[in-house]
Every structure is written in structure tokens, then in C-alpha cells.
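Undergrad: Give me a 3D structure for the following:
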Amino acid sequence: MHRAVGPAFLWGRKMAASGAEPQILVQYLVLRKDLSQTPFSWPAGALVAQACHAATAALHIHRDHPHTAAYLRDLERMRKVVLEAPDETTLKLLAETLQEKNIDHKLWLEQPENIPTCIALRPYPKEEVGRYLKKFRLFK
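TA: I've put the predicted structure just below:
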């Protein structure tokens, strides 16, 4: 079966031919780990839904940004990294830091309870946002 070559692949080939590395875009999500534990004990499906809501909202809000447009043009090469925040306080502190540093993101609030559950960044090159996320580990 023949598959069409996506624009990000073609752009990457041009970059490789010129000797430069292609820019890899990643959408980072930071999900509250404590929601899966006592006393909350949210099921895995509920947590996955929170991450999906946050990711979708961030992509929609920042749909006109060139990085988001490039990310969405090559659906089969999307990269997402889901990290864990230990609790609500840590998640809110990260949101404040991202706001101060002008990093585009969405803090998802579960309604109607207004519970902060997840932060999703718009797609970024890893090197632009890594320093703000390095203390968070992969969600388990």
C-alpha cells in the first residue's frame, strides 16, 4: 500500500540534505498523579479523559500557531509526552511558571467541581520547554 509523504517528512528531508536537524515538535502533558490514589481513587479512564481534554483544548486554543499547524499536518508523527505532577499544588505552581515565562498552555479544570487535573502545552520543540519540565517524571 502506498502512503503519502507528509509535509513534515519533506521538510525534514530538506533539513537533512542541508545538514541541519529537523525540528521535532512535542506536546507535553502534566497530569496529577494523586488523583489515581486514595482518597481520590479516580479510575484510569477518567485520568486519560482529563489528559485528552487538556491536549485537545491546547491544540484548539493555539491552532493558529505555526508549531501547532505543523504538528497537526503530520498526524502519524505526532509526539506526546505525559508527565506526572504529585499533587494540585505542584500542578498550579507549574501553571504559574509557564504563565510567567510566556509558555502557551492550558490548565484543564474538571467541571463542575473546578478541579485542576492536567496541563497541556501546545506543541513545542523540546529544547524550548524542557527546562520547565525536567523535574517531572513520566506518568506511571
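Undergrad: ok, how many other residues are close to the nearest residue to Leu91 once chain neighbours are set aside?
TA: Using CB to CB, 6 or more residues apart in numbering and skipping the chain neighbours, the partner closest in space to Leu91 is Ala85 (4.3 Å). All C-beta spots, glycine's among them, are computed from the backbone N, C-alpha and C. Ala85 has 26 neighbours, counted by other CB atoms under 10 Å.
Undergrad: Ala85 is in contact with Leu35, isn't it?
TA: No - between Ala85 and Leu35 there is no contact under CB atoms under 8 Å: 9.9 Å.
Undergrad: any low-confidence regions in this structure?
TA: Applying pLDDT under 70 to the chain flags residues 1-22.
Undergrad: follow-up on the earlier one: write down the beta-bridge partners of the residue nearest to Leu91, one by one.
TA: Arg32 (DSSP bridges).
Undergrad: what helix or strand does the residue positioned nearest the centre of the chain sit in?
TA: Central residue of the chain (CA atoms, centre = their mean): Tyr28, 2.5 Å from the mean position. Counting by DSSP states H and E, the element that carries Tyr28 is strand 25-32.
Undergrad: Tell me which helix or strand comes right after that strand.
TA: helix 44-61.
Undergrad: relative orientation of that next one and strand 25-32 in degrees?
TA: 140 degrees (axes from the mean of the first three to the mean of the last three CA atoms, to 10 degrees).
Undergrad: Which neighbouring elements make contact with helix 44-61?
TA: Packed against helix 44-61 by the contact rule (3 or more CB pairs under 8 Å, 6 or more residues apart in numbering; DSSP states H and E) you find strand 25-32, helix 66-73, strand 105-110, strand 115-121.
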